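>>> Here you go, sequence then predicted model.
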Amino acid sequence: MMQHLHDVYGVRHIMFVDDLFLASKVRVTELCNMILDSSLKMTWSCTARVDTVKPDVLALMKKAGCWEISFGLETGSNLLLKKMDKAAEVEKSEQAVNWTAEAGIRTKGLFMLGFPGEDKETIAQTKDFIRRIPMTIMNLSKFTPYPGSPIYRDLYGENIREDHWEKMNGMNFIWSPKGLTVEELDRQYQEILMAFYRRPQIGFYYMKLTLMYPNHFVRLLRFGLGYLTAKARSFLSGRKGLLVKPCDTSLD
């Protein structure tokens, strides 16, 4: 299939969106060997659980063209990971990211802010965790309890709140943990992202990437303009740089 996409459509990169992509060492090894035997000139990325990666498999994946792995790291708090029913612990996540970096594969960390039980201490733990690991790119979503999920029933019972539908996209705080306001969550959200992307090594990496691929500069420029525009609108509307609107602070 990869050969067909490359030869017929000129596809040069593919992403495997499967959290259990690395669950079978045999399957991944066979795939990598097939790619190497075919001399297929394609890069690829995948998603994986932190408890499924091993150094020998990562080395083979890199050789076969793997460029990036996305891990659902979620938080730097073991307490929150347990509340999320995650099998992995922070130490295991850190080990997986280190192994990935040592193999020459970049890590995309997927995090979430505002899960029930989140507080200033868990936020500080997440910030410290992000500072420690050799991660290249990160996404930070806002906790969203989706109707039908166990966590939604825990928070709202069986009632479906129609006023929340338009905000259920992972980019709006529609619920806040005890002791944290929406304004504080939004402020922490921005601080976490800015603290990561302001790191010198991250800036150098993206500068190198831009020099290698000039079209990457256009994407960075669009992102920068979008961020500055959002900030300007926030200050002009009296929100002092926060992204939430006044109507968003009243959740119930």
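Everything's here; your move.
>>> Report the contact partners of Pro134.
Val97, Asn98, Ala101, Thr107 (CB atoms under 8 Å, 6 or more residues apart in numbering). (C-beta placed from N, C-alpha, C; glycine too.)
>>> so the closest residue to the second one other than its chain neighbours, which of the three states?
Spatial nearest neighbour of Asn98, excluding adjacent residues (CB to CB, 6 or more residues apart in numbering): Pro134 at 6.5 Å. The three-state assignment at Pro134 reads coil, by DSSP: H, G, I helix; E, B strand; the rest coil.
>>> Against Gly65, how distant is Pro134?
21 Å (CB to CB, to the nearest Å).
>>> ok, now Thr229?
Relative to Gly65, and taking CB to CB, Thr229 is found at 37 Å.
>>> What is the neighbour count of Asp7?
10 (other CB atoms under 10 Å).
>>> coming back round to it: so which of the contacts of Pro134 sit within helices?
Val97, Asn98, Ala101 (DSSP state H).
>>> Let's see if you can find the most crowded of the residues you listed.
Top of the ones in helices among the contacts of Pro134 by neighbour count (other CB under 10 Å): Val97, with 23 neighbours.
>>> lowest-pLDDT helix or strand in the chain?
helix 215-236 (a mean of 75; mean pLDDT, DSSP states H and E).
>>> other SSEs contacting it?
Identification of packing neighbours for helix 215-236 by 3 or more CB pairs under 8 Å, 6 or more residues apart in numbering; DSSP states H and E yields helix 200-212.
>>> ok, and for the helix it packs on, which residues are buried?
For helix 200-212, burial by neighbour count (16 or more other CB atoms under 10 Å) applies to Tyr206, Thr210.
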